[in-house]
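# turn this into a structure:
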Amino acid sequence: MTTLKVVIISGCVSIFVAVLSAVLNHFLAQRRERMKKLWEPDVEKAQKIEELASKITGRLGSHIRLGTQAELAVPLLEQLNQNMGVLLKYKRLNLIMLDFQYAANRVLDTARHNENEDLDKEYLRKTYEKLLTACERLSKGKGK
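Model prediction:
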């Protein structure tokens with residue numbers, strides 16, 4: 001094989017690889033944009049849940065009397081429950097959200113029964129931190 005043939009063949013191969021690379025890069029960029037459009041509403045819902053969880057934790061973690069706690073926290077818990085529906089496909093996040101709801105309800109229940117709620121408030125704080133971590137993982141694309 002002569003040098004000219006080798007140069008022509010290597011040129012053709014490099015052109016083919018360049019075209020294939022450009023087509024593949026275009027396909028992957030389009031796919032990434034489509035996924036981003038599908039992903040953004042979930043990230044926004046996760047941010048809304050983070051905000052609600054923060055408010056709930058702040059209100060139930062304070063030393064406000066029970067009636068005021070319930071007045072402030074129950075509507076927020078209902079909003080949290082409504083916003084959870086979109087994120088049911090993320091199993092780990094869903095379990096953590098349910099755990100957080102349980103912890104918040106436990107704090108309200110122990111306060112109603114005039115029991116020591118310090119352990120329940122600590123549990124609420126820990127589940128809140130887990131919820132923040134799970135929402136952060138979702139926003140980074142590692143939520144499932």
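
# and the gap between residue 31 and residue 60?
Separation of residue 31 from residue 60 (CB to CB, to the nearest Å): 43 Å. Backbone N, C-alpha and C define where each C-beta goes, glycine included.

# between those two, which one's more packed in?
Using other CB atoms under 10 Å, the more surrounded residue of residue 31 and residue 60 is residue 60, with 27 against 10.

# helix/strand/coil for that one?
Per DSSP: H, G, I helix; E, B strand; the rest coil, the local secondary structure of residue 60 is helix.

# thinking it is in contact with residue 124, fair?
Yes. Assessed by CB atoms under 8 Å, residue 60 is found in contact with residue 124 at 6.1 Å.

# now do the shared contacts for the two.
104, 107 (CB atoms under 8 Å, 6 or more residues apart in numbering).

# distance of the residue lying closest to residue 117 once chain neighbours are set aside relative to residue 54?
Distance criterion CB to CB, 6 or more residues apart in numbering; nearest residue to residue 117, sequence neighbours excluded, is residue 110 at 4.3 Å. Applying CB to CB, the value for residue 110 to residue 54 is 21 Å.

# more neighbours: those two, which one.
Per other CB under 10 Å, whichever of residue 110 and residue 54 has more neighbours is residue 110, with 17 against 14.

# what helix or strand is that one on?
For residue 110, the host element (DSSP states H and E) is helix 91-112.

# hey, C-alpha coordinates of the helix or strand bottoming out on mean pLDDT in the chain in CSV?
In the chain, the helix or strand scored least confidently by mean pLDDT, DSSP states H and E is helix 66-84, which has a mean of 78. Output of helix 66-84 as CSV, limited to C-alpha atoms (Å, rounded to 0.1, in the frame of the first residue of the first chain):
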residue,chain,number,x,y,z
LEU,A,66,-49.6,24.2,71.7
GLY,A,67,-52.6,26.1,70.3
THR,A,68,-50.4,28.5,68.4
GLN,A,69,-48.2,25.6,67.2
ALA,A,70,-51.2,23.8,65.7
GLU,A,71,-52.6,26.9,64.2
LEU,A,72,-49.3,27.6,62.5
ALA,A,73,-48.1,24.1,61.6
VAL,A,74,-51.3,22.2,60.5
PRO,A,75,-51.9,24.4,57.4
LEU,A,76,-48.3,24.0,56.4
LEU,A,77,-48.5,20.2,56.9
GLU,A,78,-51.5,20.2,54.6
GLN,A,79,-49.6,22.2,51.9
LEU,A,80,-46.7,19.8,52.3
ASN,A,81,-49.0,16.8,51.7
GLN,A,82,-50.5,18.5,48.6
ASN,A,83,-47.0,19.2,47.1
MET,A,84,-45.8,15.6,47.8
